[in-house]
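**Q** sequence unknown, structure follows:
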């Protein structure tokens, strides 16, 4: 895998690196623009955050609100994890991968022109959320006095909303044995011959 930092995404899907369409490829039923995806992801992210916050409060009680230093550290650390999040996606690619920022719509993302199996696509989508979100959140639930981990986990799990959207689409739309790839800003699946 070779990663290329491309900087700010210019909102032109044709500028994204891609390969050729595969014969018989089917476009995912998904958001067709970054703006539409941002709305879906941000609503989902807020809902996830509220649920995780409620669970954390129920588990840790007063401890959860008593340490502003840990809260601040958890929030700042979650911001520092934005690029590592994308790097964890990137390591799941075998070829070139391109990292873009889209701060205006609250997104960073990686794209690669290669095709992936359904399982590898799901793993690639979930890996950073597991490593940087679910594991810290579970550790914070086990040790509620470490509020930093709860906050880091809540924010990091919530920040992966766009990834969960991709996983949902793959699980509900890709048949067994199919492969997926990104073309411009949309995902496609096909059955290899």
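**A** Yes, it's here. Please read all numbers here as calculations on a predicted model, not as lab measurements.
**Q** by mean pLDDT, point me to the weakest helix or strand of this protein.
**A** helix 63-66 (a mean of 73; mean pLDDT, DSSP states H and E).
**Q** which helices and strands does that one pack with?
**A** Packed against helix 63-66 by the contact rule (3 or more Cβ pairs under 8 Å, 6 or more residues apart in numbering; DSSP states H and E) you find helix 147-159. Any C-beta I mention is one placed from the backbone N, CA and C, and that applies to glycine too.
**Q** now do the buried residues in the following helix or strand past the helix it packs on.
**A** Following helix 147-159 in sequence order, the next helix or strand is helix 161-173 (DSSP states H and E). For helix 161-173, the neighbour count (16 or more other Cβ atoms under 10 Å) marks 161, 162, 163, 164, 165, 166, 167, 169, 170, 173 as buried.
**Q** mind giving me JSON lines with those residues and columns for pLDDT?
**A** Formatted as JSON lines, those follow (pLDDT from 0 to 100):
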{"residue": "161", "pLDDT": "94"}
{"residue": "162", "pLDDT": "91"}
{"residue": "163", "pLDDT": "94"}
{"residue": "164", "pLDDT": "96"}
{"residue": "165", "pLDDT": "95"}
{"residue": "166", "pLDDT": "94"}
{"residue": "167", "pLDDT": "97"}
{"residue": "169", "pLDDT": "96"}
{"residue": "170", "pLDDT": "97"}
{"residue": "173", "pLDDT": "97"}
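**Q** and these, which two are the farthest apart?
**A** 161 and 173 (18.2 Å; Cβ to Cβ).
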